[in-house]
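Here you go, sequence then predicted model.
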Amino acid sequence: MGQPRLPAWTGFWVLAGAALAHNLPRLSPGMFDWAEPGNVAAALAQGRGFSDPFDGGTGPTAWVSPLPAWVEAAVFLALGVKTALSAKAMLCLSVAGLAWANALLLAALAPFGAWIRAAASAAFLAYCCLVPGGPLVVLSEAWLDILLSAALLWAALASRGPRTRPGAFALVAVALLAPLENAGLAVAAGIVVLALAWEGRSDARRLALPAAAAAAALLSVGAWTARNAVVLGHAVPLKSNSWFELHLANVDSSDGLPRMETVLRRLPYFDVAEFGRYREMGEIGYVGSFRAPALAAIRADPPHFAANVLRRLGAAVVFCRREGGGQSTRFPFAPGDAARLAGAGELITMGAAGALWTRIDAPPSSEHRILHGLGLAQADAIWLDWLERRLEFDSRYRGAWGIALGFLTAGIPAVALLLSAILAGGRLSPPAAWAAAIAAGMVLPYVLVNHNERHQLPLVAMQAVALGACAQALAGRLGAAKEP
């Protein structure tokens, strides 16, 4: 599959320009959140091992997947821990990774028609550049998921007919790396390997490649599980926080789709009490404390849990609600007022980066009563700041553009996939079929446990292929209609 070089380089420059527009004014020390992978990367770079996801010297961890932390640790070793230069290098990696993903899409789709190739690439670039909170936001980890998913699609399509050495290498490499990135990619890679094995079941020679890919996946999972068994005293095959996530979405949240307020008040990264529990109990004990209540809630009301799964499925294939995190404050709070607000769970302070309103989607009338009932010295000015941030939140996430984004990142690609099958006589084209299988694998663990826009974002490459397949099928139908 030859790579169309001009469109690939055009995509690179589009992504680079968008990255600068999104991030350049904000790339300064202390202005960004490195989050758990960044904290683990800092520990690695400083010789403390794979540890401390929430800072504070809490010890070894498997809370985050290793691959993103290893990438950031390599950057920290070269350019300094959590420096502005490291942030800029991570942004450059994001651009390079997304540009590579776009080039892989162009190469993979080239044999299937000009429309699918052009439309998929255009849709992919639009998703990356225009979606708020997208993969070009500084320190986003989605670029690595997107790159691996594009490589997996390229490898799957390269297996059609005589298998090429680059395609075989790509499949084995993705199978090795996917479990170290996240559970969704691990499932997606497994689906591709099983499908290729089924296709080649009648020819032992054709089973060699899926067998090698399966062996690579087992090697990475086995090595990571062994490390966790030795260091943590517990065999964790991927990430340790599954029970925490299950509890967060199915006990703390009433509808299976936890709002940002729920997340901010439970995650040890933000909540002092939860951090204290995490440090005292250790990671395995802390995560294990969520197992019994989560299982008890599910057993007590299985239909409600099933409904939660269906709601998460709806978020993945119909409408993905967007929140964008807690809304940043702009008012300079007096120390006493800030302490009262934080104690009441209304505010999370972020040091030099400011603070976040945690209940920005609460009814304004109830929020007015709460803020004016806390005995704040600057109650009126603080209420005005909350109200202005709420108007910004509504405009961005609940206005026409926010609603459109909810469908663009979920329902519209699903409808395009269905429409492409109808236009093609009831069968999906090979790119669309593989993209659908990969996307289903990527999202399946989160539909079962805890799904939000962060889990939806890495699907953009596969969603772009669905839109491209629809464009190709429509062009084919219109072209057939014009034939005499």
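Right, received. Where do you want to start? This one's a predicted model, so the numbers in the text were calculated from it and none came from an experiment.

Can you point out the buried residues in stretch 413-433?
Buried positions in stretch 413-433, judged by neighbour count with 16 or more other Cβ atoms under 10 Å: 413-417, 420-421, 423-424, 428-433. The C-beta positions use only the backbone N, C-alpha and C, and glycine is treated the same way.

next one: stretch 84-104
In stretch 84-104, counting by 16+ other Cβ under 10 Å, buried: 84, 86-91, 93-95, 97-104.

average model confidence for it?
Averaging pLDDT along stretch 84-104 gives 94.

any idea how far Gly49 is from Phe76?
Separation of Gly49 from Phe76 (Cβ to Cβ, to the nearest Å): 14 Å.

Pro268 against Phe275, yeah?
Yes: here Pro268 lies in contact with Phe275, judged by Cβ atoms under 8 Å, at a distance of 4.2 Å.

Overlap in contacts, these two.
Jointly contacting Pro268 and Phe275 under the rule Cβ atoms under 8 Å, 6 or more residues apart in numbering are Phe54.

When those two are compared, which one has more neighbours?
More crowded of Pro268 and Phe275, by other Cβ atoms under 10 Å: Pro268, with 22 against 18.

List the contacts of the more buried one.
For Pro268, the contact set (Cβ under 8 Å, 6+ apart) comprises 54, 274-275, 277-278, 286.

And these, which is closest to Ala21?
Phe54 (32.1 Å; Cβ to Cβ).

quick one, strands of the stretch 201-350 of the chain?
Applying DSSP state E, counting those that start in this stretch to the stretch 201-350 of the chain gives strands spanning 327-328, 347-349.

Pipe these into CSV and attach distance to Leu295 and mean pLDDT per row.
Output for the strands of the stretch 201-350 of the chain, formatted as CSV (distance: least, Cβ to Cβ, whole Å; pLDDT from 0 to 100):
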stretch, distance to Leu295, mean pLDDT
strand 327-328, 34, 80
strand 347-349, 30, 80
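
Quick one: these as a markdown table, columns for mean neighbour count too.
Shown next, in a markdown table, are these (neighbours: other Cβ atoms under 10 Å):
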| stretch | mean neighbour count |
| --- | --- |
| strand 327-328 | 19 |
| strand 347-349 | 19 |
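
domains for this protein, by residue range?
The chain resolves into domains spanning 142-238, 242-300, 327-400, 409-484 when parsed by automatic domain parsing.

The residue lying closest to His451 once chain neighbours are set aside: how many residues sit nearby?
Distances taken as Cβ to Cβ, 6 or more residues apart in numbering put Arg312 closest to His451, at 4.1 Å, once the chain neighbours are dropped. Arg312 has 24 neighbouring residues, counting by other Cβ under 10 Å.

I'd say Trp357 and Gln327 touch.
Yes: if you go by Cβ under 8 Å, Trp357 and Gln327 touch, sitting 4.8 Å apart.

which residues touch the residue nearest to His451?
249, 256-257, 446-448, 450-451.

Ok, Ala101 next?
The contact partners of Ala101, by Cβ under 8 Å, 6+ apart, come to 124, 143, 146-147, 149-151, 461.

change it to 10 Å
Applying Cβ atoms under 10 Å, 6 or more residues apart in numbering, we find Ala101 in contact with 11, 15, 124, 128, 135, 143-151, 153-154, 460-461, 464.

gap between whichever helix or strand it is part of and the chain center?
Element membership for Ala101 (DSSP states H and E) is helix 84-109. With Cα atoms, centre = their mean, to the nearest Å as the basis, helix 84-109 stands 16 Å off its chain's centre.

Next SSE downstream of that helix?
Counting by DSSP H and E, the next helix or strand C-terminal to helix 84-109 is helix 114-130.

how far off helix 84-109 does that following helix point, in degrees?
160 degrees (axes from the mean of the first three to the mean of the last three Cα atoms, to 10 degrees).

buried stuff in helix 114-130?
By 16+ other Cβ under 10 Å, the buried positions in helix 114-130 come out as 115-129.

Show me what that helix is packed against.
When contacts are defined as 3 or more Cβ pairs under 10 Å, 6 or more residues apart in numbering; DSSP states H and E, helix 114-130 packs onto helix 5-23, helix 84-109, helix 142-158, helix 400-408, helix 411-423, helix 430-448, helix 460-482.

Ok, which of the ones you listed comes nearest Pro363?
Among the helices and strands packed on helix 114-130, helix 400-408 comes nearest to Pro363, with 18.4 Å by Cβ to Cβ.

Buried ones in that closest one, by neighbour count?
402, 405-406, 408.

Now flag whichever of the residues you listed is closest to Leu218.
Nearest to Leu218 out of the buried residues of helix 400-408 is Leu408 (Cβ to Cβ; 37.3 Å).

Which pLDDT value goes with the closest one?
pLDDT, Leu408: 94.

Verify the stated contact: it with Leu459.
No: in this structure Leu408 lies outside contact range of Leu459 using Cβ atoms under 10 Å: 11.6 Å.

list residues touching both of the two?
127, 320.

any weak-confidence spans in the stretch 51-200 of the chain?
Counting by pLDDT under 70, the stretch 51-200 of the chain has low-confidence residues at 161-163.

Just the ones of the contacts of Pro268 in helices?
The helices, defined by DSSP state H, take in 274-275, 277-278, 286 from those.

what's the farthest-apart pair in those residues?
The span of those, defined through Cβ to Cβ, is set by Phe275 and Tyr286 at 9.8 Å.

which neighbours do those two share?
Common neighbours of Phe275 and Tyr286 (criterion: Cβ under 10 Å, 6+ apart): 58, 268.

Make sure I have this right: Ser140 is in a helix.
No: read with DSSP: H, G, I helix; E, B strand; the rest coil, Ser140 is coil and lies in no helix.

ok, and the closest non-adjacent residue to it?
Nearest non-adjacent residue to Ser140 (Cβ to Cβ, 6+ apart): Ser94, at 6.3 Å.

Now for the one you found: which residues touch it?
Ser94 is in contact with 15, 19, 23, 128, 134-144, 146-147, counting by Cβ under 10 Å, 6+ apart.

now it: how far from Pro179?
22 Å.

Then Ile348?
Relative to Pro179, Ile348 is positioned 33 Å away (Cβ to Cβ).

Could you do Ala439 as well?
Distance of Ala439 to Pro179, given as Cβ to Cβ: 18 Å.

what's the burial count for Val230?
Residues lying near Val230 (other Cβ under 10 Å) number 10.

Show the contacting residues for it.
Pro60 are the contacts of Val230 under Cβ under 10 Å, 6+ apart.

go on, the one 3 residues further on?
Taking Cβ under 10 Å, 6+ apart, we find Gly233 in contact with 60, 282, 284.

Model confidence at it, what's the number?
pLDDT for Gly233: 94.

now Gly326
Looking at Gly326, its pLDDT is 68.

Pro68 is nearest to which of the helices and strands packed on helix 114-130?
Set against Pro68 and scored by Cβ to Cβ, the helices and strands packed on helix 114-130 come closest in helix 142-158, at 6.1 Å.

Kindly export the next helix or strand along the chain from that closest one (C-alpha atoms) in CSV.
Per DSSP H and E, the first helix or strand lying C-terminal to helix 142-158 is helix 165-181. Extracted in CSV, the C-alpha atoms of helix 165-181 (Å, rounded to 0.1, in the frame of the first residue of the first chain):
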residue,chain,number,x,y,z
ARG,A,165,6.3,-7.9,6.1
PRO,A,166,5.5,-4.3,7.3
GLY,A,167,1.9,-5.3,7.9
ALA,A,168,2.9,-8.4,9.9
PHE,A,169,5.4,-6.3,11.9
ALA,A,170,2.7,-3.7,12.6
LEU,A,171,0.3,-6.3,13.9
VAL,A,172,2.8,-7.9,16.2
ALA,A,173,4.0,-4.5,17.5
VAL,A,174,0.4,-3.3,18.2
ALA,A,175,-0.5,-6.6,19.9
LEU,A,176,2.6,-6.1,22.1
LEU,A,177,1.9,-2.5,23.0
ALA,A,178,-1.9,-2.4,23.2
PRO,A,179,-2.2,-4.1,26.6
LEU,A,180,0.3,-1.7,28.0
GLU,A,181,-1.8,1.3,26.7
